[in-house]
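Enquirer: Turn this into a structure:
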Amino acid sequence: MEIGVCVSKPSFTPQRRRPRGFAGRLAKEKEAKQLLAAKDRLIVALDVDTAQEAEMLVAQLQEHVGVFKVGMQLFNSEGPEVLKRLHSLGTRIFLDLKLHDIPNTVGQASAVLTGHGVYMFNVHTAGGKEMMEAAVRASVETASSLNLPRPLVIGVTVLTSINEEILRNEMGIDRTVEEQVVKWAKLAKESGLNGVVASPREIRVIRETCGNDFVIVTPGVRPAWSAKNDQKRVMTPKEAVEAGASYLVVGRPITAANDPVEAAKRIVAEMEEGLKC
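Expert: Below you'll find the predicted structure:
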């Protein structure tokens, strides 16, 4: 089935008088959702082994998505050089290394990652407030000294492969997944992070707790026509954007598709539908 090209929304919404109370809050949430076009919200995970494979995917998809995620697999295979190669293609990079160590080490690593000119990188919220503050401080100082845009620093909460049984029985955390996500999201905001990584199921409660300006990066997104794979807490792209996700991370449904471009277009179309709600 052929999908038409989605029309991006304007980069800003003209100010207008908002209704008060609950209706006013809903209007504000809808306006905030629509500030960023659907295409720019889509992050494609480059879960491949080589820079050549990554470059091929970027060349195919960069007109249809906003950001590309470089994770441990590709970064550990190719090293920082892969970032230079992908940046040379004119793309934005989310460096997904999930830093988690003592504050001094994470601060130093954050300075290095900022120096690479990435658009976004992440740290584990489980590392604590001091560690997250060190990451933010180092990133701000490095960006300023090198005259670079400051990257978004995002906190990882509960991984989307973790369900309540694993959380309680294997990790010894006597809270629901939602309670733990909210606890870490609040701590991330208090520490100065720009937002968090969280599954679609926790978007609404994070919005209520942390506000509309808080960035929510959402993996665990699977179109209805795609397999769930190892993700446990999932939603469709339309549902996730409708709930208030800032960015969606999608890997295999696009990169393993017979036609990655068509798959990306279909997902963007679903996201556009979510933005209308």
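Enquirer: Please count neighbours and contacts with C-alpha atoms only from this point.
Expert: Fine.
Enquirer: Can you pull out the low-pLDDT segments for the stretch 151-277 of the chain?
Expert: 227-233, 277 (pLDDT under 70).
Enquirer: Which residue ranges of it form helices?
Expert: Assigned by DSSP state H, counting those that start in this stretch, the helices in the stretch 151-277 of the chain fall at 164-169, 177-190, 203-210, 237-243, 252-255, 260-275.
Enquirer: Quick one: those helices as a markdown table, columns for distance to residue 119 too.
Expert: Below are these laid out as a markdown table (distance: least, C-alpha to C-alpha, whole Å):
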| stretch | distance to residue 119 |
| --- | --- |
| helix 164-169 | 31 |
| helix 177-190 | 18 |
| helix 203-210 | 22 |
| helix 237-243 | 21 |
| helix 252-255 | 21 |
| helix 260-275 | 20 |
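Enquirer: Just say which of those helices is most tucked in.
Expert: helix 237-243 (a mean of 25; mean count of other C-alpha atoms under 10 Å).
Enquirer: Pull the residues that contact it.
Expert: Helix 237-243 is contacted from outside by 33, 200, 203-204, 218, 221-223, 248, 267, 270-277, using C-alpha atoms under 8 Å, 6 or more residues apart in numbering.
Enquirer: thinking again about what came up before, of the helices of the stretch 151-277 of the chain, which approaches residue 134 most closely?
Expert: Between residue 134 and these, the tightest spacing by C-alpha to C-alpha is seen for helix 177-190, at 12.0 Å.
Enquirer: helices or strands up against the top strand by length along the chain?
Expert: The single longest strand within the chain, with elements called by DSSP state E, is strand 93-99. Strand 93-99 is packed against strand 67-71, strand 120-124, with contacts defined by 3 or more C-alpha pairs under 8 Å, 6 or more residues apart in numbering; DSSP states H and E.
Enquirer: the inter-axis angle of that strand versus strand 67-71?
Expert: 30 degrees (axes from the mean of the first three to the mean of the last three C-alpha atoms, to 10 degrees).
Enquirer: Name the strands paired with strand 93-99 and say parallel or antiparallel.
Expert: strand 67-71 (parallel), strand 120-124 (parallel) (DSSP bridges).
Enquirer: before we move on, back to that, mind putting the helices and strands packed on strand 93-99 into CSV with distance to residue 262 and mean pLDDT?
Expert: Output for the helices and strands packed on strand 93-99, formatted as CSV (distance: least, C-alpha to C-alpha, whole Å; pLDDT from 0 to 100):
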stretch, distance to residue 262, mean pLDDT
strand 67-71, 17, 99
strand 120-124, 26, 99
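Enquirer: between those, which one is nearest to residue 93?
Expert: If you check each of those against residue 93 by C-alpha to C-alpha, strand 67-71 wins as the nearest, at 5.1 Å.
Enquirer: any idea which helix or strand comes after the closest one?
Expert: helix 72-78 (DSSP states H and E).
Enquirer: what comes up buried for that following helix?
Expert: Residues of helix 72-78 classed as buried by neighbour count (16 or more other C-alpha atoms under 10 Å): 72, 73, 74, 75.
Enquirer: how close does residue 86 sit to residue 98?
Expert: According to C-alpha to C-alpha, to the nearest Å, residue 86 and residue 98 sit 20 Å apart.
Enquirer: More neighbours: which of the two?
Expert: Shown here are residue 86 and residue 98; by other C-alpha atoms under 10 Å, residue 86 has more neighbours (20 against 16).
Enquirer: show me the contacts for the more buried one.
Expert: Contacts of residue 86 by C-alpha under 8 Å, 6+ apart are 54, 55, 58.
Enquirer: List just the nearest of those residues to residue 175.
Expert: Of the contacts of residue 86, the one sitting nearest to residue 175 (C-alpha to C-alpha) turns out to be residue 54, at 38.7 Å.
Enquirer: so the closest one sits in a helix?
Expert: Yes. Per DSSP: H, G, I helix; E, B strand; the rest coil, residue 54 lies within a helix segment.
Enquirer: got a list of what it touches?
Expert: Contacts of residue 54 by C-alpha under 8 Å, 6+ apart are 46, 48, 86.
Enquirer: Kindly report the same for residue 182.
Expert: 202, 205, 206, 209.
Enquirer: Point out where the stretch 1-150 of the chain drops to low pLDDT.
Expert: Across the stretch 1-150 of the chain, the ranges flagged by pLDDT under 70 are 1-34.
Enquirer: got the residue ranges for the helices in it?
Expert: Under DSSP H, counting those that start in this stretch, the stretch 1-150 of the chain gives helices at 21-33, 38-41, 51-61, 72-78, 81-87, 103-115, 129-146.
Enquirer: Right, I'll leave it there.
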